[in-house]
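**Q** Sequence first, then the predicted structure:
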Amino acid sequence: MTITEVKQKIIEVSSTQRSLINQLSEVNSEIGKLNNLLHQMNMDSFSEYLKVGFIIDLKNWFNINMVPLTGSQNVTMRPGDVIELSKINKKTFVFKLTKHTIRKRLGPLNSTNPKLIEEVTHPNWQYRIQIEDMYHFLMRDPDFKKSFENWQNRESVLNELLNGE
């Protein structure tokens, strides 16, 4: 190969490279749009799935940004606590804490083996939480996630049957 041929080949390959980079950019942009659409569809169907009165028995620690409407600001919800959905807004849920467990320590503070007791209360405190935060929290529970995905699949098949697609 001569120097001129090598230079020409570099120009051709560089042109191909730019073309492929442009294609890759377009594909990445489309993937981003599709991911955003999927996320929005999941949020919409999540809001449809949860109805007012839906009761959630917490299986994980629940320490997410929530705005107290009534009750304590510094509440940490534990596994075993129960919340009930009381209102669905466009971007937020309002729920009430219907069962709450408080751990109390008995005995002296410097004791190496204190006795702990659990006290169950039913405070009915209300909190507001972003739908997306609740979605991510509940998706950590494998049982809830499976139930939600099964519901989504049933809804999708039902819509296809009704629309004749």
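**A** Arrived safely, thanks for sending.
**Q** For Arg78, which non-adjacent residue is spatially closest?
**A** Leaving aside its chain neighbours, Arg78 sits nearest to Thr101 (5.7 Å; criterion: C-beta to C-beta, 6 or more residues apart in numbering). The way it works is simple: take the backbone N, C-alpha and C, and place the C-beta from them, glycine included.
**Q** Three-state assignment for the one you found, please.
**A** strand (DSSP: H, G, I helix; E, B strand; the rest coil).
**Q** Could I get the full set of helices for the protein?
**A** 3-49, 131-138, 142-163 (DSSP state H).
**Q** Give me the domain ranges for this structure.
**A** Listed by automatic domain parsing, the domain ranges of the chain are 1-49, 51-149.
**Q** Ok, which of those comes nearest Leu161?
**A** In terms of C-beta to C-beta, the element of these nearest to Leu161 is domain 1-49, at 17.2 Å.
**Q** If you rank every helix and strand of the protein by mean pLDDT, what lands last?
**A** Every helix and strand of the chain was ranked by mean pLDDT, DSSP states H and E. The lowest is strand 115-121, at a mean of 76.
**Q** Give me the residues contacting it.
**A** Residues from elsewhere that reach strand 115-121, judged by C-beta atoms under 8 Å, 6 or more residues apart in numbering: 99-107.
**Q** Neighbouring strands - and their directions - for that strand?
**A** The strands that strand 115-121 pairs with in its sheet are strand 92-106 (antiparallel) (by DSSP bridges).
**Q** gap between the partner strand and the chain center?
**A** Centre-to-centre, strand 92-106 and its host chain are 21 Å apart (C-alpha atoms, centre = their mean, to the nearest Å).
**Q** Quick one: work out the angle between that strand and helix 131-138.
**A** Using axes from the mean of the first three to the mean of the last three C-alpha atoms, to 10 degrees, the direction of strand 92-106 lies 50 degrees away from that of helix 131-138.
**Q** which residues sit against strand 92-106?
**A** 50, 55-56, 69, 71, 75, 77-78, 80-88, 114-131, 134.
**Q** Return a selection command, for use in ChimeraX, containing the buried ones of these.
**A** Only the buried members of the contacts of strand 92-106 end up in this ChimeraX selection, burial being decided by 16 or more other C-beta atoms under 10 Å:
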select :50,56,75,77,78,81,82,83,84,85,86,88,125,126,127,128,129,130,131,134
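**Q** just to revisit the earlier point, out of the contacts of strand 115-121, who's the most crowded?
**A** Counting neighbours by other C-beta atoms under 10 Å, His100 leads the contacts of strand 115-121 with 22 neighbours.
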